[in-house]
Every structure is written in C-alpha cells, then in structure tokens.
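Engineer: Got a sequence here, can you model it:
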Amino acid sequence: MATHSRISLARRRRGMTKKGLADLIGVAPNTILRYETGEIPVSDEVAQKIASQLQFPLSFFNGQEIDEPRRDNASFRGMASKSGKIMDAALASGAIAFLLDDWIARSYSRPEPDVLDLQHQDPISAAMLMRQYWRIGDKPIENMVHLLEAKGIRVFSLAENTKEVDAFSLWRDDIPYVFLNRFKSSERSRFDAAHELAHLSLHKHGGAGSDYINDNLEREANAFAGAFLMPEIDVRAICKLPLHSVDDLRAYKKRWRVSVSALNYRLRELAMISEGKCTSNYVEMSRRGWLKIEPDGITKEQSYILQDVISDCNSRMVTKNKIADAISVPALEVEALLFGLANMLTIDGAAMSSPRRSVDLKLV
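Structural biologist: Residues are numbered from 1 along each chain as shown. Prediction:
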C-alpha cells in the first residue's frame, strides 16, 4: 500500500498542484488531498498512475515515512521573493538528499559536525569566532565546500527545477545541511556557502516562518559571510588606499575568491571607500557586464567527500542507477543532488573520469 506522505512529497518535488495531479490521473482534486492525508487508501492501479505521472519508481511510494525538511526549520537565502511552490520543490529535494545521505552513512564514516552555536553573537564577532575555533586565522579560504565538509556539514546541490532558489540550510537533529545553487558563479556560490554557515550558527533552527521574512536575519547572514570570507585585518593589509577604480577591485578580489561586487560592498562596510564611490563602482560594474558575468571567474568548487564516495562506488561497480534503486528514487534525482559537486556517472552507468583530491574516506 502506498505511503500517503510519499505521494505528497513526489508531487511537491515535481512542482505540481493537487489539481494538476488529479487531472493527470483522472480523479477529483479532493481525492488527491484524501490520498495524501491517508484518509483513503490508494489502489495499486492508482499508485501506478501516480508513479507514472510523477516519474518516480513505484517502489518509492511503498517505502516508510520519510524524514522531511520543514519550512519552519529551513533558512532560505532570499526567501521572501520565492513562491511557496518553489520552496516546496526545494524542500522535497532535501528529503531525497536525506535518503541519499542515510545511504552514504550506512557505508562510509565522515567528519562529525563541529559548528559553534553563536546565536547570541553579532555577525562580525561570530565570523571571527568561527575562524578562530576552526584555526583558520585571517588567511583566505581556498575552498568553502571542502571547509564545510571537513567540519561535518553535509553539502548537496540544488536540483535544476529549483534553481531559482539561491541556497538553503537546516539542521536535521544534530546534522547540519547546506544546499547550494550550482548554476551560479563559483564566487557567488562561495558567498552563499558562508551565508548559510551563518544561518546554521547564528539562527540555528530558524526557518521560513513569519519571523524569517524580516530581512534582518538575511542582513546578519550577509555581514557574517563578508567578514568570514574577507577578514578585516587581511583586507586592510592587502587593499592599499586609494582604490581608484573597479579594475583595482578586480585585481584584489582574486585573493579571497569572491565577486567584485562582494569586495566592493565589504570595502564600504569597512569605510575604505565612501558610499558614493561604492555606488559608482556598481554602476561601472553593471556597464561592463560584471554583475551578470563575473570577470576572471574561478573554477567551481567540488566536494571531496561526495567525489570519494562516487569513486569508491565506481571501483565496486555501484553505478548511479544502483544507488537510485537502493533508495527507490529516479536516477536523475541522485544526479541532481550531486550536480557540480562530484563527477557523477552518466545515466547508463558509464563513468566520467577526472582528477580528484586524494582523501582517506573510511568504510563503516
């Protein structure tokens, strides 16, 4: 018998309304509601129709209840501008990430979470405290994805049909998760990663409820991210005054692997340039097209943990399709969660090879 919550999850994952699914399988919208609440059972024939229309394997609907992310404990970057349907699709993708993460945990050990609870700190102090705790000092961070993973944070990609979401993060019991939009520039993705780290430490268990719509939490997360990626001591030592043009920013930003616009804003925060200069810099950046296409863009940061898992699976002939079968989801969902983070298998199970960082991933 189909598990009612899985019907709702698959529908939301596809960004479909109850009426939309009802029309596709030939029932009344109220019937879908009754299916999803468990008020009435789902026949084998209907379950097959639902599986076909939502493009999920039938076995997915026969599984146990799934641990799902909730709006009230997920922090979305730029949440206020996103529709409920988009957020629901992203959260449904997060539920599938939980299934994949649980599958990984059954076979591999990874670093334990080591994130400070800084809920009573201001964002600038919190950024410095986290750097000190992680023994980074004031030096630039080479790879944000690697850093988060080394501190026990699970990092996954946002799926293609949720690419309007910049990023989101949440705690699942004692495990922190970050979901990054891999369609953005690497510089912006790094800032998003630091932004979500702020939510995990400053706003633990805060979510997309009414209080979250107040953009003060977003401002705090942005301030944390700027200070975390571009420490004041290092910025003042490197960026020598006067800063004459955006070309100066273009040269300096390479040290911290951030966008030109992020460095421009950080310099304004530190009063190293005036408000007027900051604004004129943005105008010039826009004229040059730098706000759409980052100049001197850096290579996308990949996951060393997920890549090592995939490489080990390859060595044991465990393909993407086999992983998907093990957790009863479409193979494309697995691919979407790893998109841009690991060199994934093709849909037919053939391997894609590329150099990767050597790590010692422990089998359980």
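Engineer: Which residue is the nearest non-sequential neighbour of Lys93?
Structural biologist: Just so we're on the same page, residue 93 is Ser rather than Lys. Spatially, and ignoring its direct neighbours in sequence, Ser93 is nearest to Ala159 (4.7 Å; Cβ to Cβ, 6 or more residues apart in numbering). Bear in mind the C-beta positions are built from the backbone N, C-alpha and C, glycine included.
Engineer: contacting residues around that neighbour?
Structural biologist: Counting by Cβ atoms under 8 Å, 6 or more residues apart in numbering, Ala159 makes contact with 89-90, 93, 333, 336-337, 339.
Engineer: try 7 Å this time
Structural biologist: Counting by Cβ atoms under 7 Å, 6 or more residues apart in numbering, Ala159 makes contact with 93, 336-337.
Engineer: buried residues in the helix or strand where Phe228 lies?
Structural biologist: Counting by DSSP states H and E, the element that carries Phe228 is helix 216-229. Of the residues in helix 216-229, those buried under the neighbour-count criterion (16 or more other Cβ atoms under 10 Å) are 217-218, 220-229.
Engineer: What is the burial count for Asn62?
Structural biologist: Close neighbours of Asn62, defined as other Cβ atoms under 10 Å, add up to 14.
Engineer: The closest residue to it other than its chain neighbours: how many residues sit nearby?
Structural biologist: Counting by Cβ to Cβ, 6+ apart, Ala2 is the residue found nearest to Asn62 once chain neighbours are left out, at 6.4 Å. A count of nearby residues for Ala2, using other Cβ under 10 Å, gives 22.
Engineer: part of a helix, is Ala2?
Structural biologist: No - counting by DSSP: H, G, I helix; E, B strand; the rest coil, Ala2 is not part of a helix but coil.
Engineer: dump the residue contacts of it.
Structural biologist: For Ala2, the residues meeting the contact criterion (Cβ under 7 Å, 6+ apart) are 42, 47, 61-62.
Engineer: Can I get the buried part of these as one PyMOL selection?
Structural biologist: Under the burial definition 16+ other Cβ under 10 Å, those of the contacts of Ala2 that qualify are selected in PyMOL by:
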select buried, resi 42+47+61
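Engineer: Out of the contacts of Ala2, which is nearest to Glu275?
Structural biologist: Phe61 (56.0 Å; Cβ to Cβ).
Engineer: Show me how the record splits this protein into domains.
Structural biologist: Using automatic domain parsing, the domains assigned to the chain come out as 4-61, 230-288, 304-363.
Engineer: nearest to Asp102, of those domains?
Structural biologist: When those are ranked by distance to Asp102, counting by Cβ to Cβ, first place goes to domain 304-363 at 7.9 Å.
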